[in-house]
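Asks: Let's see this in three dimensions:
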Amino acid sequence: MHSPKLSQLSSSSRQVIKPNKEETIHKVIRISLLIWAFPRLAVSLLWTGVITLGTVAHLLSPYSHVPPSRLVFDAFAIPIQLLEIAMLTIFIVAGFKKSVKFYLIYYRYCILSLIIYVIATTLCLSLDEKYGHFFGDIYIFFSYFDVAGVHGNEYLIFFTASVINVGLEMLLIFLIKLLIEHYQSYGNNYTASESV
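Replies: Below you'll find the predicted structure:
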């Protein structure tokens, strides 16, 4: 009454299919980057709000004594921060949808921003503090020189922080490239089959 073929089918259908090690690693990378992206987006939103409110307050206040260079900094910082917010949003959507297209957009943005960061840092370190500080502030957004003035050698602190920042950005680029290659190899079917 009991068929061996039916027995084999039922036992094979009960087996749990475990994802291979490579899929698990890529899933961990994707989820870790999503966990990293949300606080970074929150900080970018907060920072953009602070810069925007400060700029508006200085422009509307009749007693404001803000130097023009500060307003120039704000004029550059606000659009750059808005671009950062848009790119982080694209990155978060890419993480949830596993979209190679969106990952590629953020990957290219990271490479471009790394190049700009290295150029700004190089100008900041090689030019006179007055001009270098301005170039650094436009892209880096916070003043290592002000922190360094309290703690000592400003160039050493600035250079160390810049090297760490470049290293972290290169790690981010590497991890995104791994995800792009992984999802490209699986095509569109993989996106629909894996859960968050």
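Asks: quick one, helices of this protein?
Replies: For the chain, applying DSSP state H gives helices covering 4-13, 21-60, 68-97, 100-126, 129-140, 144-151, 154-193.
Asks: Now the weakest link among those helices, please, by mean pLDDT.
Replies: Mean pLDDT is lowest for helix 144-151 among the helices of the chain, at a mean of 44.
Asks: Would you reformat the helices of the chain as a markdown table and include mean neighbour count?
Replies: To be clear about C-beta, it is placed using only N, CA and C from the backbone, and glycine gets the same treatment. Shown next, in a markdown table, are these (neighbours: other C-beta atoms under 10 Å):
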| stretch | mean neighbour count |
| --- | --- |
| helix 4-13 | 9 |
| helix 21-60 | 14 |
| helix 68-97 | 16 |
| helix 100-126 | 17 |
| helix 129-140 | 17 |
| helix 144-151 | 13 |
| helix 154-193 | 14 |
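Asks: quick one: contacts of stretch 105-112?
Replies: 87, 90-91, 94, 169, 172-173, 176-177, 180 (C-beta atoms under 8 Å, 6 or more residues apart in numbering).
Asks: between those, which is closest to Ile29?
Replies: Ile176 (9.0 Å; C-beta to C-beta).
Asks: Let's have the contacts of stretch 105-112 in JSON lines, adding distance to Asn20.
Replies: Output for these, formatted as JSON lines (distance: C-beta to C-beta, whole Å):
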{"residue": "Met87", "distance to Asn20": "31"}
{"residue": "Ile90", "distance to Asn20": "29"}
{"residue": "Phe91", "distance to Asn20": "26"}
{"residue": "Ala94", "distance to Asn20": "22"}
{"residue": "Glu169", "distance to Asn20": "30"}
{"residue": "Leu172", "distance to Asn20": "25"}
{"residue": "Ile173", "distance to Asn20": "25"}
{"residue": "Ile176", "distance to Asn20": "21"}
{"residue": "Lys177", "distance to Asn20": "20"}
{"residue": "Ile180", "distance to Asn20": "19"}
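Asks: List just the nearest of those residues to Leu60.
Replies: Met87 (30.2 Å).
Asks: mind checking how far the closest one is from Thr122?
Replies: Going from Met87 to Thr122 by C-beta to C-beta, to the nearest Å gives 23 Å.
Asks: repeat for Tyr186
Replies: Distance from Tyr186 to Thr122, by C-beta to C-beta: 40 Å.
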